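K.L.:
Below are the sequence and a predicted model for it; my questions follow.
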Amino acid sequence: MGLKSLFGKLLGSSDDAGTPGESVDYQGYKITPHPKCEAGHFYIAGRIEKEFPDGVKEHYFIRADTHAGRDAAMQHAVAKARQIIDEQGDRLFRD
């Protein structure tokens with residue numbers, strides 16, 4: 001299984017997760033929240049993207065934190081992504 005497949009499953013590519021939330025721009029990065037629903041709770045998850053001269057690079061994340069509602073999980077995912085960006089910056093995209 002490739003990394004993209006693995007992250008797709010982690011981020012809820014099945015119907016139980018619904019569609020991703022609206023993307024948010026933050027300091028040159030694009031954050032897309034995509035909570036994963038499991039057992040009635042939503043895991044904090046999403047994607048961080050940035051355009052580089054050689055193309056767009058992506059970083060997928062999922063956290064153990066959960067929320068009972070999808071909207072709260074999306075808001076927390078954006079906040080968590082901002083924290084990740086502030087702490088790691090472009091190091092996110094190292095191979």
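P.N.:
Looks like it arrived, so ask away.

K.L.:
Just the buried residues of the lengthiest helix in the chain, please?
P.N.:
Looking across the chain with DSSP state H, the single longest helix is helix 70-88. Applying a neighbour-count criterion of 16 or more other C-beta atoms under 10 Å, one finds 73-78, 80-82, 84-85 buried in helix 70-88. All C-beta spots, glycine's among them, are computed from the backbone N, C-alpha and C.

K.L.:
As CSV, the residues you listed with distance to residue 60 and pLDDT would be great.
P.N.:
Below are these laid out as CSV (distance: C-beta to C-beta, whole Å; pLDDT from 0 to 100):
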residue, distance to residue 60, pLDDT
73, 15, 94
74, 15, 95
75, 18, 95
76, 16, 96
77, 11, 96
78, 15, 97
80, 12, 97
81, 11, 97
82, 16, 98
84, 11, 97
85, 14, 98
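
K.L.:
Closest one to residue 29 out of the residues you listed, please.
P.N.:
When the buried residues of helix 70-88 are compared for distance to residue 29 (C-beta to C-beta), residue 85 wins out at 5.4 Å.

K.L.:
Residue 74 versus the residue nearest to the closest one when sequence neighbours are not counted, what's the distance?
P.N.:
Distance criterion C-beta to C-beta, 6 or more residues apart in numbering; nearest residue to residue 85, sequence neighbours excluded, is residue 29 at 5.4 Å. Relative to residue 74, residue 29 is positioned 17 Å away (C-beta to C-beta, to the nearest Å).

K.L.:
Right, I'll call it a day here.
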